[in-house]
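Participant: give me a model of this one.
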Amino acid sequence: MPGEYKPHPKGFYHAYSLKSLTRLRDRLVRQRFFYLVKITNVLDHTFPEFKPFFHGRVSKTALYLLENYGSAEKMARMNSASYEKLRSLSRGRFSPQHFLQLKELAANTVGINNSIFDIELNSLLTLYKSLVKEIGSLETEINKLIEEVHPHYMSVPGIGPISAAVIYSEYGDVSNFSTPAQMLAFAGMEPGINESGTESHGGRMVKHGSSQLRYVLINCCLPCDTARTALPSYGPASSVSRCRRPGTWGGEWRSVSSPERAWRRSWICTAGLQWPGAGRSSGAS
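Facilitator: So this is what the prediction gives:
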């Protein structure tokens, strides 16, 4: 007799869809970051004072200036009508002093004025804006799907809808793991073991499995570790140094610590994933 066929549970289809969407979003985010670096490279030739003026942030005001003026020569000729648009766009945060300071920097810039760089900048901005739009559409769909499932670890401080979607799609049902150590091993975050004769030493992270899952867990482990109310039984909170990815403008923050501290914080985070009453939502992404 033919065997009995059972349909997949509802969660399987959500996990499959979320895995496809989150991995596509991750690739698009990397491409967006790539074009952002390219834009920075062009500005280093044409208007190197522009990026420090905005403290390295890719704000709406900065993008508006690049899209509508582009070169330092055009920014130096801005008038009062230009300022009114900038003030409205920044909701009053772009003051007249900032406007005059930017015009002075543009007039005295050490950059070069070349039409080739203007064409290159316009092309890069178009690609960057299209990626931002596509990433926004994907995040809307991801949020819709993860809200239908609403896993309990969305209540852990530091785990927002996007992070929860990655964890849910990569791990599946976390009840299949009996200990946080098993979850770390699945993600490839357990320390390697170097053995020589009778000696055994802990090594670096083995990095098996999904790199996207490891990235999310490491970014989530900092608020998980510092939130005493969320995980009161997993040790005291501790600090961790933070830095940007090298050579970035507006890159995402990432946690930086020794392998032992990273492993401990990730263990705390995965313990929170298994604990249904982990805490309250923090609104993180």
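Participant: would you map the helices across this protein?
Facilitator: 10-46, 50-53, 60-68, 72-76, 80-89, 96-107, 115-149, 161-171, 180-187, 211-226, 259-274 (DSSP state H).
Participant: list the buried residues of the shortest one.
Facilitator: Buried residues in helix 50-53, counting neighbours by 16 or more other CB atoms under 10 Å, are found at F50, K51. Heads up, the C-betas are built off the backbone N, CA and C, glycines and all.
Participant: before we move on, what about stretch 175-194?
Facilitator: F177, P180, M183, L184, F186, A187, M189, E190, P191.
Participant: cool, and stretch 28-44?
Facilitator: Those buried within stretch 28-44 under the rule 16+ other CB under 10 Å are L28, R32, F33, Y35, L36, K38, I39, T40, V42, L43.
Participant: now, which of those sits nearest I119?
Facilitator: V42 (10.0 Å; CB to CB).
Participant: for the closest one, give its distance to I146.
Facilitator: Distance from V42 to I146, counting by CB to CB, to the nearest Å: 37 Å.
Participant: then D44?
Facilitator: In terms of CB to CB, D44 sits 39 Å off from I146.
Participant: that older thread, out of the helices of the chain, nearest to R204?
Facilitator: Nearest to R204, of the helices of the chain and by CB to CB, is helix 259-274 at 6.0 Å.
Participant: pLDDT on the closest one, on average?
Facilitator: Averaged across helix 259-274, the pLDDT comes to 57.
Participant: please apply the same query to stretch 19-33.
Facilitator: 93.
Participant: I'd guessed N122 sits against Y69; true?
Facilitator: No. Taking contacts as CB atoms under 8 Å, N122 lies outside contact range of Y69: 11.3 Å.
Participant: which of those two has more neighbours?
Facilitator: Neighbours were counted for N122 and for Y69 using other CB atoms under 10 Å; Y69 has more, 17 against 14.
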